[in-house]
Each structure stands twice: as C-alpha cells, then as structure tokens.
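Peer 1: Can you look at this prediction? I've put the sequence above it.
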Amino acid sequence: MPSTLDDFEVISTIGTGSYGTCKKIRRKKDGKIMVWKEMEYGTMTESEKQMLVSEVNLLRELRHQHIVRYHDRIIDRSRAIIYIIMEYCQGGDLDTIIVQNRKEGTHVPEDFAWKILIQTTLALKECHQRKNGKAVLHRDLKPANVFLDAESNVKLGDFGLARVLHHESSFAKTYVGTPYYMSPELVNNQSYNEKSDIWSLGCMLYELCALVPPFTASNQSELNRKIRTGDFPRIPSQYSLELDLIIRKMIQVEVIRRPNIDAILADPLIQRKQDSLA
Ligand SMILES: CNC(=O)c1c(C)[nH]c(/C=C2\C(=O)Nc3ccc(Cl)cc32)c1C
C-alpha cells in the first residue's frame, strides 16, 4: 500500500539544501520517526523529471548499513512536489559538527575521523561496485551529505540526486555554494569518474580534521588554480602522520595515482585502524 501525506505528521524542519527541504516526520500508524526530503519539480523539463524518477528508484535499490535507508516516495502532482521518505539520522550531519568545533575551538578525536573515513569508504564501495547494476557515483560528497545515527555511524545521503538536480534546469540553477571539493579533472572540464568521488572524500576528511577545506579562495579562478597545484597544508599536528598520509593519497591531482575504493580499504593504515576500532 503506497504511503500518502496523511500517513505522516510533520514535526519540524531539520535542513534546507540546494535542492529541497528536509523535515522530521512521525509515521502515525506506529510513531516511527523518519524524515522526508521535499523537492519541487514544477520547473523541471520532462527529461529532468524522468532523471529524478530514475535516481529515486536507484535510491530504493541502495541497501547498506552506511547509506541512508530509503522507505518510500509520495508525489503531489497538484503542487508538483515529490516527498522522499528516508530513515532518521539522530546524530545529524558532519557539516554541523565541523561548524560546532570551529565555533568552540575544538577538534574531532582522531578515532572519530578514522571511523568516518572507513564507513564512508564502505558506503562508496557499495555504490561504485554495485552487484546488480552500473556504478553509482555520488557526485556531491561533502560534510552536509554525511549523516550519523545515534551511535555516530555514517549514513551517506543524497546519492545520485546531485546529478539530476545540478542538471541545467531552472530549478537546479538555484544550486548555491562554492565547489571547494571540485576535483582537478572537473576544473579541467574532463569527465567525472569514480576517482572524483575519492578526491571529494579526501577533501571531506581533511575538512573534518582541519575544520576548513584543503583549498580555499575568494574567487573561482583562484580556487581552480590552487586545486590544479594540489598543494595544501598538513592537517593539525595533533593528528597522526598516518591520517595525514591517507588523506594526501586521496587528494592526488593525477587521477591514475589516486587510490580507488579497494586500494583505500586494502591500505595497511586502514587495515590497522579497522582492527583497533573493531
Ligand atoms: C543539524 N542537523 C540536524 O539536526 C539533522 C538531523 C538530526 N537529521 C538530519 C538529516 C537527515 C536525517 O535525519 N535523515 C536523512 C536522510 C536523508 C537526508 Cl538527504 C538527510 C537526512 C539533519 C540535517
């Protein structure tokens, strides 16, 4: 039986992103706390609507302990809004954690950073190496798209939607935000590939430790220049050389030198950390 809007009550708005509003909801029949992401599709072309539907169907197929669980979708054609119903992540998002540490002058513990790295890599593995379908690239890996459950386990969100919603449509043109994590291949107008997600993963881990992105600038051309050099400061000295090293391996300008998912998980630094965190 498909869900309807009346099956839920809205508790609060918990996030507004470039492509929609995230609301905390309660399912009336059993009181289960969930979220839905509301997205207006009224300004989309037919092909963009089709892309959105296929991306949402893709979300339905992605089942992994470190990927946000999709439950259902509701389409309100009268208001041209799609509601994507997903699991609630009580720990919130990494961006809020970074902002909070920056404000308080504190840093996340090293073991927390390793845990985020390992679990986000496992989520990417599930998508880059899907058993029954083509690889799914995230394309918008950043702290605001990584959520945590009540035990601070990673729940990666918004898979694939980025491609649809960054597509040239009036709706997507509202996309705001500086592309700090843009990879050198994208800066050079080359194609996005699995290694581009790895570049973003490295930038995200860097920002989690340093509380600022590896590359910053006051304008796009300066940011592009810095990204092309691939030069950035070490993460704060309180973090180990091993953590700095694994991040550097991911933020490699040359795509062929950047490790893929399996190379990261096979890295002795990761293996050792996985054992100690188990
Ligand atoms: C400050 N952040 C929050 O309070 C927060 C909390 C507690 N949960 C969320 C967001 C989600 C959440 O709880 N489940 C989600 C599933 C998919 C997507 Cl794209 C986002 C979410 C947020 C943004």
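Peer 2: Arrived safely.

Peer 1: What is the subsequent helix or strand relative to the lowest-mean-pLDDT helix or strand in the chain?
Peer 2: Using mean pLDDT, DSSP states H and E, the weakest-scoring helix or strand in the chain turns out to be helix 161-165, at a mean of 53. As assigned by DSSP states H and E, the chain's next helix or strand after helix 161-165 is helix 184-187.

Peer 1: Pull out the buried positions in that following helix.
Peer 2: For helix 184-187, a neighbour-count test (16 or more other Cβ atoms under 10 Å) marks Pro184, Glu185, Leu186, Val187 as buried. Every C-beta, even on glycine, is put in place using the N, C-alpha and C of the backbone.

Peer 1: Quick check: which helices or strands does it pack against?
Peer 2: Applying 3 or more Cβ pairs under 8 Å, 6 or more residues apart in numbering; DSSP states H and E, we find helix 184-187 packed against helix 194-210, helix 220-229.

Peer 1: Poorly predicted segments of the protein, please.
Peer 2: Across the chain, residues meeting the criterion (pLDDT under 70) sit at 18-19, 159-177.

Peer 1: Show me the strands in it, by range?
Peer 2: Ranges of strands within the chain are 8-17, 20-27, 33-40, 70-76, 81-87, 92-93, 146-148, 154-156, based on DSSP state E.

Peer 1: what about the first one and the ligand, any contact?
Peer 2: Yes: remark: strand 8-17 sits within contact range of the ligand at Ile14, Gly15, by Cβ under 6 Å from any ligand atom.

Peer 1: hmm, who's touching that strand?
Peer 2: For strand 8-17, contacts defined as Cβ atoms under 8 Å, 6 or more residues apart in numbering pick out 21-28, 33-36, 85, 92-93, 144, 158.

Peer 1: One more pass at 7 Å, please.
Peer 2: Thr21, Cys22, Lys23, Lys24, Ile25, Arg26, Arg27, Lys28, Val35, Ala144 (Cβ atoms under 7 Å, 6 or more residues apart in numbering).

Peer 1: same question, the shortest one
Peer 2: Contacts of strand 92-93 with the rest of the structure, by Cβ under 7 Å, 6+ apart, involve Pro143, Ala144, Val146, Phe147, Leu148.

Peer 1: partners of it, with directions?
Peer 2: strand 146-148 (antiparallel) (DSSP bridges).

Peer 1: What residues sit buried inside the strand it pairs with?
Peer 2: Val146, Phe147, Leu148.

Peer 1: wait, which of those is closest to the ligand?
Peer 2: Using Cβ to the nearest ligand atom, Phe147 comes nearest to the ligand of the buried residues of strand 146-148, at 5.0 Å.

Peer 1: need the contact list for the nearest residue to that closest one once chain neighbours are set aside.
Peer 2: Distances taken as Cβ to Cβ, 6 or more residues apart in numbering put Cys89 closest to Phe147, at 3.6 Å, once the chain neighbours are dropped. When the contact criterion is Cβ under 7 Å, 6+ apart, the partners of Cys89 are Val68, Phe147, Leu148, Asp149, Lys155.
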